[in-house]
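> Got a sequence here, can you model it:
(chains A, B, C and D)
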2 protein chains.
Amino acid sequence: MDKPKGVAFLLSQLGAYGAQRFAERLRPLDIEPRHVGLLRMISANEGASQQELGERMGVVPSRMVSFVDDLEDRGLVERARNPKDRRAYALHLTEKGVKMLRQAMLISVEHNEELCAPLSQDERDVLAQLLDRLAGAHNLVPGVHPGYRHLR
Amino acid sequence: MDKPKGVAFLLSQLGAYGAQRFAERLRPLDIEPRHVGLLRMISANEGASQQELGERMGVVPSRMVSFVDDLEDRGLVERARNPKDRRAYALHLTEKGVKMLRQAMLISVEHNEELCAPLSQDERDVLAQLLDRLAGAHNLVPGVHPGYRHLR
DNA sequence: TATTGTTATACTCTATAACTATA
DNA sequence: TATAGTTATAGAGTATAACAATA
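Down below sits the predicted model:
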């Protein structure tokens, strides 16, 4: 009766659904998907300042404050003063933060497993490769979610 | 250095990116992606009440009010009193609404074209089929976006 | 009493701009 | 003067609950 839905809608629908499911899985850890992204970012850029990270993620400075607060309140990151420039912080994961990131990555693997369960291994590989090519062709930065972004 | 990103992240990233692009394309029409979904819903269920539609889309009644207001303000839908039950409305598209939906569908086609441009026709077919299977296996309702939903 | 739609309210999220402390 | 981070503020979005009209 109705035209088949396009790829764009399916991507948005599945993407939003997956994000919700991932959030549910993270709930016991008391963090959200975006916090995992930030933990990853800090881990991959130890010692970077808040605003350096914010720029990479497309997050405005004022938002970075509460974003980092969330993790600091949970004892997952520490703000160390940068001795070279005492205006800036040098962010780094605590031991607890490293463990949390590790747990979140495990949950992420489980989550991917669940999401792809309906597909064979070959099909998953094909899907991953197609999605990866699309993301690359549209200049999406690995690990940086558009939902973080303040576009301007 | 880092593990390859999973399918789940790519889906979420591409889905959010695509939704943003689609919103940009719709801007000249002065509507948003969700309004297209609602127009489609009304079109496919002429005469249904606000709350009937809301239930199908997972939108709470109070939110449906302003949602339908958006379209009524633009002259795209009309609230007709249902003579059988004067508490309820019978929603239907105006002529302008029908045209608007048609235009939005054209834009949607262009949008899909742009998003899939990096892939060959065969690859698009494979991708569409894989995504469709995933959506079906996870019980996602065609045309109903999780972002509409109030999950309880 | 129950139901449809509406309004009131409160809460969350976020961007802008003003501010502070350093540089 | 300029920059890193913070705070103040205002606007948007949305859910809950109270409400009016009708059943």
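> how many neighbours does residue A:127 have?
Using other CB atoms under 10 Å in any protein chain shown, residue A:127 has 21 other residues around it. Using the backbone N, CA and C atoms, a C-beta is placed for each residue, glycine as well.
> now it, nearest residue through space, not along the chain?
residue B:130 (4.9 Å; CB to CB, 6 or more residues apart in numbering or on different chains).
> who does the strand or helix carrying that neighbour touch, helix- and strand-wise?
For residue B:130, the host element (DSSP states H and E) is helix B:121-137. Helices and strands touching helix B:121-137, by 3 or more CB pairs under 8 Å, 6 or more residues apart in numbering or on different chains; DSSP states H and E, are helix A:7-26, helix A:121-137.
> most tightly surrounded among those helices?
helix A:7-26 (a mean of 22; mean count of other CB atoms under 10 Å in any protein chain shown).
> residues in contact with the helix or strand following it?
Per DSSP H and E, the first helix or strand lying C-terminal to helix A:7-26 is helix A:33-44. For helix A:33-44, contacts defined as CB atoms under 8 Å, 6 or more residues apart in numbering or on different chains pick out A:19, A:22-23, A:26, A:31, A:48, A:53, A:56-57, A:67-68, A:70-71, A:76-77, A:91-93, A:97-98, A:100-101, A:104, A:108, A:143-145, A:147-148, B:2.
> Need the buried ones from these selected in ChimeraX.
This is the ChimeraX syntax for the buried subset of these, where burial follows 16 or more other CB atoms under 10 Å in any protein chain shown:
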select /A:19,22,26,31,48,53,56,57,67,68,70,71,76,77,91,92,93,97,100,101,104,108,143,144,145,147,148
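> if you look at the contacts of helix A:33-44, which of them are in strands?
If you go by DSSP state E, the contacts of helix A:33-44 have A:77, A:91, A:92, A:93 in strands.
> who touches the closest residue to residue A:144 other than its chain neighbours in this structure?
Ranked by CB to CB, 6+ apart and with sequence neighbours excluded, the top spatial neighbour of residue A:144 is residue A:57, at 5.8 Å. Applying CB under 8 Å, 6+ apart, we find residue A:57 in contact with A:37, A:38, A:41, A:144, A:148, A:149.
> so does stretch A:46-53 get close to DNA strand D?
Yes. Counting by CB under 7 Å from any atom of the strand, DNA strand D has neighbours in stretch A:46-53: A:49, A:50, A:51, A:52.
> Quick check: closest non-adjacent residue to the last one.
Excluding its sequence neighbours, the residue lying closest to residue A:52 (CB to CB, 6+ apart) is residue A:45, at 7.3 Å.
> Distance check, that neighbour against residue B:78.
Plainly put, residue A:45 is 55 Å away from residue B:78 if you go by CB to CB, to the nearest Å.
> residue ranges with poor pLDDT in chain A?
A:1-4, A:150-152 (pLDDT under 70).
> Is stretch A:57-65 in proximity to DNA strand C?
Yes. Residues of stretch A:57-65 contacting DNA strand C under CB under 7 Å from any atom of the strand: A:59, A:60, A:61, A:62, A:63.
> of all the helices and strands packed on helix B:121-137, which lies closest to residue B:136?
helix A:7-26 (10.3 Å; CB to CB).
> which other helices and strands contact that closest one?
For helix A:7-26, the packing partners by 3+ CB pairs under 8 Å, 6+ apart are helix A:33-44, helix A:95-116, helix B:7-26, helix B:95-116, helix B:121-137.
> is DNA strand D contacted by that helix?
No. Applying CB under 7 Å from any atom of the strand, one finds helix A:7-26 out of contact with DNA strand D, separated by at least 12.0 Å.
> ok now that helix, how far from the chain's centre?
Distance of helix A:7-26 from the chain centroid (CA atoms, centre = their mean, to the nearest Å) equals 13 Å.
> contacting residues around the residue nearest to residue A:127?
A:119, A:123, A:126, A:127, A:130.
> okay, those residues in CSV with distance to DNA strand C next?
Listed next are these as CSV, based on distance: CB to the nearest atom of the strand, whole Å:
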residue, distance to DNA strand C
A:119, 31
A:123, 34
A:126, 33
A:127, 28
A:130, 29
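> Count the residues that sit near residue A:42.
22.
> where's stretch A:106-125 relative to the chain centroid, distance-wise?
The mean C-alpha position of stretch A:106-125 is separated from the chain mean by 18 Å, CA atoms, centre = their mean.
> got the contact list for it?
Residues contacting stretch A:106-125 (CB under 8 Å, 6+ apart): A:14, A:18, A:21-22, A:25-26, A:29, A:36, A:127, B:6-9, B:11, B:130, B:133-134, B:137-138.
> Which residue is it, in chain A, that comes closest to chain B?
Among all residues of chain A, residue A:15 sits closest to chain B, at 2.4 Å; criterion: CB to the nearest CB.
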